[in-house]
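Visitor: Sequence and predicted model, in that order:
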Amino acid sequence: MEQELVISATGLTKIFRDFWNRSKAAAVNDIDFDVRRGEVFGLLGPNGSGKSTTVKMLLGLLYPTSGILRVMGQSPQSVKTKRSIGYLPEETYLYKYLTAYETLDFFGSLFGLSAAERKNRALQLLDMVGLAHAANRKVGEFSKGMARRIGLAQAMINDPDLLILDEPTSGLDPIGCREVKDLIKTLKARGKTVIITSHLLSDVESICDRVVILYGGRIRAEGALSDLLAISEKDTITLPHLPEQDLNVVMEACKKFAPEDQIDLEHPRMTLEDFFLDVVAKAKLEAAGTAGAQAGNGVAAYLSVETEQENLLEQLTGPEPEQKKTENTGTPETPAANTAVLDKLKENDSAPEQPSAPPPPQEDLSEANNKLNALLNGKRDS
C-alpha cells in the first residue's frame, strides 16, 4: 500500500522581485517533489540552490509565486498544520537570558502544553541531548554545539509529525552527530517524517531514504540513495580473513573473470566516526566528566513510545471502570475528604438553632428630626 503523502509540490516556483516588481532572482524554478509519511528526505544542493527558500515555503514563511504546495493535505499557512511541525533553523536563535529548562518550558507553552507536560518533556529532552547537568545555566553562556543541542530539543517539544532540520549537525561534535542520527532513526520507526538539509553528505547518506539535489533552483537529481549511489558495473565480495595461500587461490579464480588491473584487494575499513566514538568510549572508562555537553541518555521516552494522547480514544471507548463498593451498604465509596465534609455539614444541621439577637432599639424618626433642627437653629442664633 502506498504511503500517505505528507508534502506534495507541483510546479513550485518562487521569484524574488525588486522595488519596481522586476524579476530579480528565480530562487526556486518549477520543481515537483513528494515526501511520504515515515520517510527521511534529504534536500541537498550548494549555497544559493534554493534549499532555504523551499524550506521557508514549506513552513508558510514565504508564499510561492506559482505552483501548488500542500503540507499534510493543507496550505502551509494553516495554523493546524504548523502545530504538527518541528523546525530547527540553520542558525540557533535563543533568548540568551533564559536557562535551558526555561527555554524548553517557554516553547512548550507556545504549543499549549500543560505545566506538568512541559516539565516532563523538558527534563526528558535535556537528558536526551546531554544537557541535564546544565538545565539551570543561561543559554547565552553555551557554546555553539550546546546551543545547537537546545535548538534540537525545542524542535521536538511538541512531538511533531513533520520535523524539518536545517543543518542539524552543524557545530556538534561526533558524539552529538551520532545521537542526532539515532534520534532520526527512532522517529522514522514511529512513522514520523523528517526533512534534512545539510552539506555534510556523509550524514545524509547514512540516514536518508531519498534525496533531491537542487542547483540553480531546479532539481538535477532525485531518487532513493540505494539506486542513485549503486555502481552497477561492479560487484563487491566480502570474505573473512584468509591465510595467504587461500587468498592466492581466490585471486587466481577471480582472474578468470576479469583482468588483474580491474581487481581490487583491500581490508574493509570502519568509518572515522565509528573509530572516534570507540576511542571516546574507552577514554570515558578512565577519565572524569566534562563541563561541556555530555553524551545523551537515549531518546526521550515520549518520542520513542506511544503517548497518552494517542491512546485517549481507546480509553474513552473502552469499558467503564467499576466503582468501588462498600462492604455494608453496597453503594459507591465516598472519598475520605468528602466524608469529612459531609459529617461536618450533618453536625451543623443537627445543632440546636441559636436565637437570633434582638435588633438594636431605634429612636423615633420625628423626635430625631426635631433634635437636629433645634441644634441647627441654636448655631444660627449664636
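Guide: Perfect, I can see it now.
Visitor: Show me the strands in the stretch 1-150 of the chain, by range?
Guide: 5-17, 23-36, 40-44, 66-71, 85-88 (DSSP state E, counting those that start in this stretch).
Visitor: which secondary structure elements does the fourth one contact?
Guide: Counting contacts by 3 or more Cβ pairs under 8 Å, 6 or more residues apart in numbering; DSSP states H and E, the secondary-structure elements packed against strand 66-71 are strand 5-17, helix 51-58. Heads up, the C-betas are built off the backbone N, CA and C, glycines and all.
Visitor: related to what we said a few turns ago, ok, which of the strands of the stretch 1-150 of the chain comes nearest Lys255?
Guide: strand 40-44 (39.9 Å; Cβ to Cβ).
Visitor: quick one: strands adjacent to that closest one?
Guide: strand 193-197 (parallel), strand 210-215 (parallel) (DSSP bridges).
Visitor: follow-up on the earlier one: could you point out which of the helices and strands packed on strand 66-71 sits nearest Glu117?
Guide: strand 5-17 (24.9 Å).
Visitor: could you give the mean pLDDT of the closest one?
Guide: Averaging pLDDT along strand 5-17 gives 95.
Visitor: what angle sits between it and strand 210-215?
Guide: Counting by axes from the mean of the first three to the mean of the last three Cα atoms, to 10 degrees, strand 5-17 lies at 10 degrees to strand 210-215.
Visitor: Just checking: what are the partner strands of strand 5-17?
Guide: Going by DSSP bridges, the partners of strand 5-17 are strand 23-36 (antiparallel), strand 66-71 (antiparallel).
Visitor: Centre of the chain to the longest one, how far?
Guide: Spelled out, it's strand 23-36. Chain-centre distance of strand 23-36: 26 Å, with Cα atoms, centre = their mean, to the nearest Å.
Visitor: That one vs helix 51-58, what angle?
Guide: Using the same axes, to 10 degrees: strand 23-36 against helix 51-58 is 70 degrees.
Visitor: same question, the shortest one
Guide: Relative orientation of strand 66-71 with respect to helix 51-58: 70 degrees, computed using the same axes, to 10 degrees.
Visitor: Which of the helices and strands packed on strand 66-71 sits closest to Ala189?
Guide: Nearest of those (Cβ to Cβ): strand 5-17, 16.2 Å.
Visitor: quick one on the thing from earlier: export the helices and strands packed on strand 66-71 to CSV and tack on distance to Ser170 and mean neighbour count?
Guide: Shown next, in CSV, are the helices and strands packed on strand 66-71 (distance: least, Cβ to Cβ, whole Å; neighbours: other Cβ atoms under 10 Å):
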stretch, distance to Ser170, mean neighbour count
strand 5-17, 23, 17
helix 51-58, 13, 22
